[in-house]
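*Asks:* here you go, sequence then predicted model.
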Amino acid sequence: MRVLVIGATGTVGRAVVAALGGRHDVIAASDRGATEQVDLSDPASIRELFRRIRPVDAVVSTAGQRAYKPLSELTDADFELGLRVKLMGQSQPRTARP
């Protein structure tokens with residue numbers, strides 16, 4: 001099976017690539033340091049990625065920003081960042097990484 005892993009250079013993404021790599025044809029994509037480059041804040045970049053790598057059988061996305069703080073220190077804005085990036089994905093403009 002051909003599996004696209006978006007966010008492949010992050011902590012979780014690297015683990016997913018390693019876990020799937022022995023059994024599947026894994027395509028690693030990220031906005032930095034992966035074989036395939038993609039900017040999830042840009043729908044055109046996403047379309048171009050799929051144009052280059054077709055066909056794929058599955059997509060795993062581990063990409064996104066989040067605040068790293070103890071739970072008791074997370075603000076409403078910290079929770080909103082995670083929801084906006086993880087749930088809304090490319091529909092949101094990119095912000096500077098915290």
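*Replies:* That came in fine, so what should we check first? Residues are numbered from 1 along each chain as shown.
*Asks:* ok, and the closest non-adjacent residue to the residue nearest the centre of the chain?
*Replies:* When CA atoms, centre = their mean is applied to the chain, the residue found nearest the centroid is Ala63 (2.3 Å). In this structure, Ala63 finds its nearest non-sequential neighbour in Gly7, 3.1 Å apart by CB to CB, 6 or more residues apart in numbering. (Each C-beta comes from the backbone N, C-alpha and C, glycine too.)
*Asks:* list the contacts of that neighbour.
*Replies:* Contact partners of Gly7, counting by CB atoms under 8 Å, 6 or more residues apart in numbering, are Gly13, Ala29, Ser30, Ser61, Thr62, Ala63, Gly64.
*Asks:* count of residues packed around the last one?
*Replies:* In other words, Gly64. Residues lying near Gly64 (other CB atoms under 10 Å) number 19.
*Asks:* wait, the residue nearest to the centre of the chain sits on Ala34?
*Replies:* No. Between Ala63 and Ala34 there is no contact under CB atoms under 8 Å: 10.4 Å.
*Asks:* spit out the contact partners of Ala34.
*Replies:* By CB under 8 Å, 6+ apart, the contact set of Ala34 is Ala8, Thr9, Ala28.
*Asks:* okay, and the closest residue to the last one other than its chain neighbours sits in which element?
*Replies:* The reference is to Ala28. Among residues not flanking Ala28 along the chain, Ala8 sits closest, at 3.5 Å (CB to CB, 6+ apart). Ala8 belongs to no helix or strand when assigned by DSSP states H and E.
*Asks:* tell me the contacts of the closest residue to Ala67 other than its chain neighbours?
*Replies:* Closest residue to Ala67 apart from its sequence neighbours, by CB to CB, 6+ apart: Asp78 at 3.7 Å. Residues near Asp78 by CB under 8 Å, 6+ apart: Arg66, Ala67, Lys69.
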